[in-house]
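[1] Give the three-dimensional model of this entry:
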Amino acid sequence: MSETTAPRPSAVSATSAGPRTLTAGRRRGRIALRGLEVLLALFYGIASALPKLIAHPSAAESFDKLGWGDTGMYAIGVLELAGAIALLVPVLRSVAAVSLGALMVGAFIVTIVAFDGENAATPLILLVPLGLIAWARRDSAKDLARLVRRTP
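    Sure, this is the predicted structure:
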């Protein structure tokens, strides 16, 4: 009747796999977050900014209805394109997400006031991934602040 006190294989594999699993999970999370940043950058650059910058009739009509004209349309297009590019630059990701989020708050207000709420859900939906990026990449804002302080 001798009993051995050798560790059970399941206990050993669970403890030894823990750190690897955590690291793999973090890696997958970073990859998913980066994919989300690229997806949003493509959306803002191509689907949102491009029609404004080429003065597509659908964009021009909306800005004419607002009374902002071509100047407002081009300004918003440039801001969206700058945000799209900044989402792809590691040190600017958090600031870009916050800036595009502020632009989406403005877009929501404009759609409620000027367009009677037509398509008002779109800016609200975009706020969710932008908020996630801003929060997850908040260290990049600290890195940017350090870079700005270093310059003479």
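[2] For this structure, which segments count as helices?
    Under the criterion DSSP state H, the chain contains helices at 9-42, 50-53, 57-66, 69-87, 93-114, 121-136, 138-150.
[3] got these as a markdown table, with mean pLDDT and mean neighbour count columns?
    From N, CA and C alone the C-beta is placed, and that goes for glycine too. Below are those laid out as a markdown table (pLDDT from 0 to 100; neighbours: other CB atoms under 10 Å):
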| stretch | mean pLDDT | mean neighbour count |
| --- | --- | --- |
| helix 9-42 | 77 | 12 |
| helix 50-53 | 96 | 18 |
| helix 57-66 | 92 | 14 |
| helix 69-87 | 97 | 18 |
| helix 93-114 | 96 | 19 |
| helix 121-136 | 96 | 16 |
| helix 138-150 | 89 | 12 |
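[4] Hmm, Pro90 is touching Ser140, no?
    Yes: with contact defined as CB atoms under 8 Å, Pro90 counts as touching Ser140 (6.2 Å).
[5] which residue is nearest the centroid of this structure?
    By CA atoms, centre = their mean, the chain has its centre lying nearest to Leu130, at 3.7 Å.
[6] Isn't it up against Val105?
    No: between Leu130 and Val105 there is no contact under CB under 8 Å: 10.2 Å.
[7] Quick one: residues contacting the residue lying closest to Leu81 once chain neighbours are set aside.
    Leaving aside its sequence neighbours, Leu81 sits nearest to Ala49 (CB to CB, 6 or more residues apart in numbering; 4.0 Å). By CB atoms under 8 Å, 6 or more residues apart in numbering, the contact list for Ala49 reads 77-78, 80-81, 84.
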